[in-house]
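S.K.: I need the structure of the sequence given here:
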Amino acid sequence: MRNSMTSIRKPAVFLLFNFYLFILAGCLPGQQDLVKEIKKKDLLYEQSQPLQQPNQIQEKKLQDHLALLKEFNKNPDEFVRKIPKKERHYQFDAVVDPEVTIRVGHRGDGGKWICNPHRLGENPVIYSVGVGEDISFDTDMAGIFGAQVFMFDPNPSVVKKLPPDDQGYNCGAGKIFYQAVGLGPVSTEKGKEWDLVIGRKRCPAKSLANIASSLGHSKVDILKMDIEGGEFASLQEILSSGTLNKLGVKILLVEFHLWNDGLFTDFISLINSLTEQGYLIYRKEFNATNIKCAEYAFVHESFL
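M.R.: Numbers count the residues shown, from 1 in each chain. Here you go, the predicted structure:
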């Protein structure tokens, strides 16, 4: 019996030893690749000094951001093609660090990050485009900061729940106003720029400049947009017309919806235009239920 057990163990040990060599051989290339990566980065950083000052770190973030945009502008198709779909919202992140930030509204989808609210002054004007089912951001901005919040959404389901009132609704030290109008243009397709249809019903839409003019506003402190993909066409018009800077918008809050592949190119183009006009990302928040969506918070450099 003992000899029999010994004869069984020898092949088993031999197989186990060869399996170990096989695993080791499979690991070695990976280890070598990691060593190569370390050496590659060593060459890259050997002439660099460690970043120790806040302004140096800030400059590094900004330069990284600009380098991405430069690479995109050189060859947009190639840049977009090499980014995996699941990583698209990882490419652009916070570039600047405001003095203070606070999350206002529901601790879920619907809440927004505001920066430097103490510098907004009394009764700041907020345009909140896209009401949906959650107005916690709007009511909290009015109640906590005394803001004059103007909400816009022509969706029939919203109209039923919130009848427009010229006098507005009191909310703490602030006030809530509502108009059943959408932000346009809603499409870049020729002839359909203002065709806003919700639930088979044609709804009114106005440009940001027209909305502000109709309300007699020469300035808007915060613009919030959550319009399920309509942000692309409307933002293109807002930026090309220079309306953001004309109205002195300090903070821009946008949920970007990358519903299809083509919108990723449009998204980066908008980031590029916003950067050129002085708007930089200070906060980003992923949508927990859909990787195609993420909230981006921009601040104008003059408000830092």
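
S.K.: At which residues are the helices of this structure located?
M.R.: Ranges of helices within the chain are 2-45, 54-74, 76-81, 136-145, 156-161, 208-215, 231-240, 243-246, 262-276, based on DSSP state H.

S.K.: Rebuild the ones you listed as CSV, extending it with mean pLDDT and mean neighbour count.
M.R.: In this view, the C-beta of every residue, glycine as well, is placed from N, C-alpha and C. Below are the helices of the chain laid out as CSV (pLDDT from 0 to 100; neighbours: other Cβ atoms under 10 Å):
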stretch, mean pLDDT, mean neighbour count
helix 2-45, 64, 9
helix 54-74, 95, 13
helix 76-81, 96, 13
helix 136-145, 97, 22
helix 156-161, 90, 13
helix 208-215, 97, 17
helix 231-240, 97, 20
helix 243-246, 97, 18
helix 262-276, 96, 18
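
S.K.: could these go into JSON lines alongside distance to Asn123?
M.R.: As requested, the helices of the chain are exported to JSON lines (distance: least, Cβ to Cβ, whole Å):
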{"stretch": "helix 2-45", "distance to Asn123": "50"}
{"stretch": "helix 54-74", "distance to Asn123": "32"}
{"stretch": "helix 76-81", "distance to Asn123": "42"}
{"stretch": "helix 136-145", "distance to Asn123": "9"}
{"stretch": "helix 156-161", "distance to Asn123": "24"}
{"stretch": "helix 208-215", "distance to Asn123": "14"}
{"stretch": "helix 231-240", "distance to Asn123": "23"}
{"stretch": "helix 243-246", "distance to Asn123": "20"}
{"stretch": "helix 262-276", "distance to Asn123": "26"}
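
S.K.: Which one of these lies nearest to Glu87?
M.R.: With Cβ to Cβ as the measure, helix 262-276 is the member of these nearest Glu87 (10.6 Å).

S.K.: Check the burial of the nearest residue to Val100 once chain neighbours are set aside by counting its neighbours.
M.R.: The spatially closest residue to Val100, leaving aside those adjacent along the chain, is Asn116, at 6.2 Å (Cβ to Cβ, 6 or more residues apart in numbering). Asn116: 17 surrounding residues under other Cβ atoms under 10 Å.

S.K.: From Leu43, how far out is Asn116?
M.R.: 41 Å (Cβ to Cβ, to the nearest Å).

S.K.: Near the closest residue to Ala142 other than its chain neighbours, how many other residues are there?
M.R.: Closest residue to Ala142 apart from its sequence neighbours, by Cβ to Cβ, 6+ apart: Gly174 at 3.0 Å. Residues lying near Gly174 (other Cβ under 10 Å) number 23.

S.K.: I'd say Gly174 and Gln148 touch.
M.R.: Yes: proximity of Gly174 to Gln148 meets the contact threshold set by Cβ atoms under 8 Å, at 6.2 Å.

S.K.: my read: Ile211 touches Phe177, true?
M.R.: No: counting by Cβ under 8 Å, Ile211 does not reach Phe177; the two are 11.5 Å apart.

S.K.: what residues are up against Leu51?
M.R.: 57, 60 (Cβ atoms under 8 Å, 6 or more residues apart in numbering).

S.K.: And it, its phi and psi?
M.R.: Leu51 adopts backbone torsions of phi -80, psi 130, taken as degrees, to the nearest 10.

S.K.: burial count for Asp93?
M.R.: By other Cβ under 10 Å, the residues close to Asp93 number 14.

S.K.: Looking at it now. What's its pLDDT?
M.R.: Note for Asp93: predicted pLDDT of 95.
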